[in-house]
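S.K.: coordinates only, sequence not included:
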């Protein structure tokens, strides 16, 4: 089964129904729920999601309910000191994305689904937008 790291922006697109990005992000979550691939996020992403969702909805209960849905659908990967050190020492300019890359690599993940490729330059990861990944998944 294909294992992928889902970038924070894609999870937010699905759960906050963010405009034109909602359709593709939601389809990815559906494919994960159907067992077509394994979607992963880092443990640090969970707290980022809670913060952003709570701020967007102005409701802690809604944010927590959405985090429970994320928890039910996605595999949550640990973040440790080694990954953070690797991110510091990497050539990836965006620190948060660098941490995500080293979390993914520690779990033998080679694919990142994101709408923002710029943060993953020099990562050595295969990058797909949500739409591109769905096309790729169907071809497998």
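M.R.: That came in fine, so what should we check first? Everything numeric here is computed off the predicted structure, so don't read it as measured data.
S.K.: C-alpha from now on. contacts and neighbour counts both.
M.R.: Noted.
S.K.: confirm residue 40 sits in a helix?
M.R.: No. Read with DSSP: H, G, I helix; E, B strand; the rest coil, residue 40 is strand and lies in no helix.
S.K.: who's it bridged to?
M.R.: residue 5, residue 75 (DSSP bridges).
S.K.: secondary structure class for the closest residue to residue 91 other than its chain neighbours?
M.R.: The shortest distance from residue 91 to any non-neighbouring residue, by C-alpha to C-alpha, 6 or more residues apart in numbering, is to residue 122 (6.3 Å). Counting by three-state DSSP, the backbone at residue 122 sits in coil.
S.K.: distance of residue 122 relative to residue 81?
M.R.: 21 Å (C-alpha to C-alpha, to the nearest Å).
S.K.: also residue 31?
M.R.: For residue 31 relative to residue 81 (C-alpha to C-alpha), the value is 32 Å.
S.K.: those two - which one has more neighbours?
M.R.: Taking neighbours as other C-alpha atoms under 10 Å, residue 31 and residue 81 compare with residue 31 leading, 15 against 8.
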